[in-house]
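>>> coordinates only, no sequence provided:
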């Protein structure tokens, strides 16, 4: 004779079935209930829908685990400010706060490269991130059972750094925060992270640390790729080296790998605080050789005829002829500059490229530099190993930094900051 289950046993049985079903769903990778606010979600794409005063935040439905310990976020559009955060938070994290701001959360912020770990005040951590960059976040599960785990972050597949954080019983959930109009990202919750000895060795040669400032430019080894919109002259992609040229390292080169739509590629030198949305040579404290028309720009949006145009495969070079007794910031004795054979041959200088519609009022480059204190140096440019010409300019405080600009879709260059070494 069949017995009937009492109501309590029925309830327990249903709860057990529900729990088993949830466990099976998690193991199968089926979507769980995710949470987000002031964001629009279309498949794996998130876009900010706020007014740039309020934070929008997304929290995934599943925590990171031994089976799925890493995820990645690709910046599709950096928007107005690029205030995009990627990290881990508790399950019911407040959606009006950026990941990393509140206790028990940690995040890498794209706009300033800082790490936020349970505090609205960040600490310097890694490079800034821009459109096209991939930010990854993962956990090392070895010590997670002890209530702590090491959270690590990556940029474009290369590890940036790590931090040890406490883990709650419910786990740590992937989270993305945004805070300005136009921001859009693509989330890959199934991304995988492998780091073996070979990859570790490759990371040493990534060359990303050679660059102090990167805007709308993606670095892959020695290759720089433009990832900006390329729709107006304000969409400049800028890469500026971390160190200025010195008597020990006085020359660098660029090879055009892909000329893109219009080959708006510029190679030159600029002051350290050079505006991010200005092509090298357009603003004071800079000089640059532009590939698309062969003109030189020296602190002005009006260029001068200088040399031939450059195309895919061409190598453009830029260097400084320092005075023999020149020393910068305690640098050692002047080195073997004379070993670099450069034969004088001043090129004619005249021309016009883009309209000089600068945001800031710029004086003519040479006149402005003459008013600045600083020793004069001779900046020279080469094309495929041949001297194109020179320009004299005053050295700004801190020196002149190798700077590369790009402005049209598909542009890609290979930069060697130390072609004369070794």
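Now that the structure is in, tell me what you want to look at. Given the structure is predicted, the values throughout are model-derived calculations rather than measurements.
>>> what about the stretch 201-350 of the chain, any weak spots by pLDDT?
Residue ranges of the stretch 201-350 of the chain with pLDDT under 70: 201-207, 326-350.
>>> could you do the stretch 51-200 of the chain as well?
By pLDDT under 70, the low-scoring segments of the stretch 51-200 of the chain are 142-146, 194-200.
>>> the host helix or strand of residue 239 packs against which elements?
Using DSSP states H and E, residue 239 maps to strand 237-241. Strand 237-241 sits against strand 211-215, strand 217-220, strand 401-406, with contacts defined as 3 or more CB pairs under 8 Å, 6 or more residues apart in numbering; DSSP states H and E. Where you see a C-beta, it was placed from the backbone N, CA and C, and this is true even at glycine.
>>> kindly calculate the angle that that strand makes with strand 401-406.
Per axes from the mean of the first three to the mean of the last three CA atoms, to 10 degrees, the angle that strand 237-241 makes with strand 401-406 is 160 degrees.
>>> picking up where we left off before, closest to residue 171 out of the helices and strands packed on strand 237-241?
Across the helices and strands packed on strand 237-241, residue 171 has its closest neighbour in strand 217-220 (32.1 Å, CB to CB).
>>> partners of the closest one, with directions?
Paired neighbours of strand 217-220 in the sheet (DSSP bridges): strand 223-226 (antiparallel).
>>> what's in contact with the strand holding residue 239?
Residues outside strand 237-241 that contact it (CB atoms under 8 Å, 6 or more residues apart in numbering) are 210-217, 219, 224, 226-228, 252, 270, 272, 274, 276-278, 280, 401-407, 411, 415, 417.
>>> how many neighbours does residue 294 have?
Burial measure for residue 294: 18 neighbouring residues, criterion other CB atoms under 10 Å.
>>> residues in contact with it?
Listed by CB under 8 Å, 6+ apart, the contact set of residue 294 reads 305, 306, 307, 308, 309, 310.
>>> what do you get if the cut-off is 6 Å, keeping everything else the same?
Shown in contact with residue 294 (CB atoms under 6 Å, 6 or more residues apart in numbering): 307, 308, 309.
>>> please report which of the residues you listed has the highest neighbour count.
residue 307 leads these on contacts (other CB under 10 Å) with 22 neighbours.
>>> now that residue: closest residue in space, sequence neighbours ignored.
Excluding its sequence neighbours, the residue lying closest to residue 307 (CB to CB, 6 or more residues apart in numbering) is residue 388, at 3.7 Å.
>>> so which bits of the host helix or strand of the one you found are buried?
Assigned by DSSP H and E, residue 388 belongs to strand 386-394. Neighbour-count burial for strand 386-394, with 16 or more other CB atoms under 10 Å as criterion, is recorded at 387, 388, 389, 390, 391, 393, 394.
>>> partner strands of that strand, parallel or antiparallel?
Here strand 386-394 is paired, per DSSP bridges, with strand 376-383 (antiparallel).
>>> in the partner strand, which residues are buried?
Neighbour-count burial for strand 376-383, counted by 16+ other CB under 10 Å, picks out 377, 379, 380, 381, 382, 383.
>>> could you confirm residue 160 falls within a strand?
Yes - counting by DSSP: H, G, I helix; E, B strand; the rest coil, residue 160 is located in a strand.
>>> for it, grab the count of nearby residues.
For residue 160, the neighbour count with other CB under 10 Å is 20.
>>> nearest residue to residue 127 in space, please, no chain neighbours.
Of all residues not flanking residue 127 in the chain, residue 113 sits nearest, at 5.2 Å (CB to CB, 6+ apart).
>>> so what's the one you found up against?
Residues in contact with residue 113, defined by CB under 6 Å, 6+ apart, are 126, 127, 128.
>>> in JSON lines: the residues you listed, plus secondary structure and neighbour count.
Output for the contacts of residue 113, formatted as JSON lines (DSSP: H, G, I helix; E, B strand; the rest coil; neighbours: other CB atoms under 10 Å):
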{"residue": "126", "secondary structure": "coil", "neighbour count": "22"}
{"residue": "127", "secondary structure": "coil", "neighbour count": "18"}
{"residue": "128", "secondary structure": "coil", "neighbour count": "17"}
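>>> at which residues are the strands of the stretch 51-200 of the chain located?
Taking DSSP state E, counting those that start in this stretch as the criterion, the stretch 51-200 of the chain carries its strands at 56-59, 70-78, 85-89, 106-109, 114-117, 123-124, 134-140, 148-155, 158-166, 173-178, 183-188.
>>> save the ones you listed as JSON lines, and put in distance to residue 295 too.
Shown next, in JSON lines, are these (distance: least, CB to CB, whole Å):
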{"stretch": "strand 56-59", "distance to residue 295": "44"}
{"stretch": "strand 70-78", "distance to residue 295": "30"}
{"stretch": "strand 85-89", "distance to residue 295": "41"}
{"stretch": "strand 106-109", "distance to residue 295": "39"}
{"stretch": "strand 114-117", "distance to residue 295": "39"}
{"stretch": "strand 123-124", "distance to residue 295": "39"}
{"stretch": "strand 134-140", "distance to residue 295": "36"}
{"stretch": "strand 148-155", "distance to residue 295": "35"}
{"stretch": "strand 158-166", "distance to residue 295": "36"}
{"stretch": "strand 173-178", "distance to residue 295": "40"}
{"stretch": "strand 183-188", "distance to residue 295": "36"}
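>>> now for those, which one comes closest to residue 288?
Among the strands of the stretch 51-200 of the chain, strand 70-78 comes nearest to residue 288, with 24.2 Å by CB to CB.
>>> so what does the closest one touch, helix or strand wise?
On a contact count with 3 or more CB pairs under 6 Å, 6 or more residues apart in numbering; DSSP states H and E, strand 70-78 meets strand 134-140, strand 183-188.
>>> residue contacts, the residue nearest the centre of the chain?
Closest to where the C-alpha atoms of the chain average out (CA atoms, centre = their mean) is residue 129, at 3.6 Å. Counting by CB under 6 Å, 6+ apart, residue 129 touches 110, 135.
>>> buried residues of stretch 47-58, list them for me.
For stretch 47-58, by 16+ other CB under 10 Å, it's 47, 48, 49, 50, 52, 55, 56, 57, 58.
>>> quick one on the thing from earlier: which of the strands of the stretch 51-200 of the chain sits closest to residue 290?
Closest to residue 290 of the strands of the stretch 51-200 of the chain is strand 70-78 (CB to CB; 25.1 Å).
>>> quick one on the thing from earlier: out of the helices and strands packed on strand 237-241, deepest packed?
Ranked by mean neighbour count, the helices and strands packed on strand 237-241 are led by strand 401-406 with a mean of 27 (mean count of other CB atoms under 10 Å).
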